[in-house]
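Student: Structural data only, the sequence is not supplied:
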Ligand SMILES: Nc1ncnc2c1ncn2[C@@H]1O[C@H](COP(=O)(O)OP(=O)(O)O)[C@@H](O)[C@H]1O
Ligand SMILES: N[C@@H](CCC(=O)OP(=O)(O)O)C(=O)O
């Protein structure tokens, strides 16, 4: 009997929704929507993160030869998103399930208030049995506003809604030891919490429309698993992939979840790129934060403060040698924090509940 995950985020890559010649694969889409309907009818709550706007737009609109690469992507995405969402709406409604469209940029995950507004909207849709269909807003998300790819977006969404599971559907069965086209390459079926880094197995190229490649898929999968979410990388091109998932018969790469289930920590864990300042700490504070004890960061352990941040902003925590050891939400601003450096008996700068410890490589 399956352990039934309540809420699952399913991410579908562009290459799953397109055929080899790059044209939209509407039969595959129908097949996947039918399977998602099966999961919904089994009582699961499904959030869909889908790529495909650029691929769908490219097929329907030839562009002036002078259009630069950035504009081309924006134009195709803006055109293609309509075709993509219409196809989903048509297919889901045939199965009796309403959908809603959310288009987001990295900016939407930046501050806590905005983040909570988005979460509230998703919770409302799920409570009303509406399937949220999410894609990056490629028309406005350019350069630093962009997610690495939709795998990152799916990981952020899974953490935001406290999902039990995240399924990343691509065009291969999972992560192989070697290139998947090599018949000798072995599929890694289980990634445990203590498993060494798998990046050495992964070739850097992406599929025709893919953006981040398998490397970002793997690192997002690992990060999500560390936050307590079960993750599957599986082949969306295979008939019955989601039914196999439900029956626990899926041939894929499975990431075992860690224990962390704390919502604030999940938000903070994904906030590195939004951090406003840096707090350098001494060895004693480092030892305390890395220990198993529940510890907040106190001013007495702070060596220096860099940058300007306000109460509620995310700050990076660095050890004495400048290595990042974590992130946290500041309880007060940089100006006050500077006044308290090295002093004992002061309020924590970062409370344990808002502290995420993870040493960078
Ligand atoms: N070791 C590996 N195991 C599996 N896939 C790999 C590996 N190295 C590279 N890849 C490539 O990663 C691709 C999937 O990543 P990507 O193109 O970003 O997919 P998507 O568009 O679904 O997000 C596969 O098509 C595969 O060719
Ligand atoms: N937002 C883009 C997809 C970007 C992306 O990450 O693509 P993929 O690597 O295929 O998931 C689109 O809809 O075309």
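Tutor: Cool, the structure landed. In this text the structure is predicted, and so the values were computed from the model without any measurement. Residues are numbered from 1 along each chain as shown. Ligands and ions are numbered 1, 2, ... in the order given.

Student: Which positions in stretch 252-260 come out as buried?
Tutor: Within stretch 252-260, the residues that count as buried by 16 or more other Cβ atoms under 10 Å are 252, 253, 254, 255, 257. C-beta here means a position set from N, CA and C on the backbone, and glycine is covered the same way.

Student: now stretch 241-254
Tutor: 241, 242, 244, 245, 246, 250, 252, 253, 254.

Student: returning to that earlier point: flag the least confident of the buried residues of stretch 252-260.
Tutor: In terms of pLDDT, the lowest of the buried residues of stretch 252-260 is residue 257, showing 91.

Student: Secondary structure class of it, three-state.
Tutor: coil (DSSP: H, G, I helix; E, B strand; the rest coil).

Student: which residues touch stretch 241-261?
Tutor: By Cβ atoms under 8 Å, 6 or more residues apart in numbering, the residues outside stretch 241-261 that reach it are 2, 10, 32, 35-36, 38-39, 42, 44, 162, 167, 169, 173-175, 187-193, 221-222, 224-235, 266.

Student: and those residues, which of them are in helices?
Tutor: 32, 35, 36, 38, 39, 221, 222, 224, 225, 226, 266 (DSSP state H).

Student: Look up the pLDDT of the third one for me, please.
Tutor: Note on residue 36: pLDDT of 98.

Student: Quick one: name the residues of this protein near ligand 1.
Tutor: Residues of the chain that fall close to ligand 1, judged by Cβ under 6 Å from any ligand atom: 13-15, 151, 170-172, 175-176, 179-180, 201-203, 206-207, 210, 212-214, 217.

Student: 5 Å instead?
Tutor: 13-15, 170-172, 175-176, 180, 201-203, 206-207, 210, 213-214 (Cβ under 5 Å from any ligand atom).

Student: Out of the residues you listed, which sit inside helices?
Tutor: Going by DSSP H, the helices hold 14, 15, 213, 214 from those.

Student: ok, the third one touching residue 199?
Tutor: No: with the criterion set as Cβ atoms under 8 Å, residue 213 and residue 199 do not qualify as a contacting pair; they are 10.9 Å apart.

Student: So if I had to pick from those two, which one is more boxed in?
Tutor: Neighbours were counted for residue 213 and for residue 199 using other Cβ atoms under 10 Å; residue 213 has more, 18 against 14.

Student: Max pairwise distance over the buried residues of stretch 241-254: which two?
Tutor: 246 and 253 (17.6 Å; Cβ to Cβ).

Student: Most neighbours among the ones in helices among the residues of the chain next to ligand 1, which one?
Tutor: Ranking those using other Cβ under 10 Å puts residue 214 first, with 29 neighbours.

Student: For that residue, list the residues it contacts.
Tutor: Contacts of residue 214 (Cβ under 8 Å, 6+ apart): 170, 172, 175, 202, 203, 206.

Student: hmm, try it at 10 Å
Tutor: Going by Cβ atoms under 10 Å, 6 or more residues apart in numbering, residue 214 touches 151, 168, 170, 172, 174-176, 179-180, 198-199, 201-207, 221, 233, 253.

Student: Ok, residue 10 next?
Tutor: 32, 35-36, 39, 44, 46-50, 131, 154, 158, 163, 165-169, 232, 234, 236, 241-242, 245 are the contacts of residue 10 under Cβ under 10 Å, 6+ apart.

Student: and if you look at residue 63?
Tutor: 57, 71, 72, 75, 76, 79.

Student: cool, residue 133 as well?
Tutor: Residue 133 neighbours (Cβ under 10 Å, 6+ apart): 12, 46-50, 84-85, 88-89, 92, 99-103, 125.

Student: ok, now with 6 Å
Tutor: Neighbouring residues of residue 133 by Cβ atoms under 6 Å, 6 or more residues apart in numbering: 48, 88, 99, 101.

Student: Please apply the same query to residue 348.
Tutor: 296, 297, 298.

Student: Swap in 7 Å and give it another go.
Tutor: Listed by Cβ atoms under 7 Å, 6 or more residues apart in numbering, the contact set of residue 348 reads 296, 297, 298, 331.
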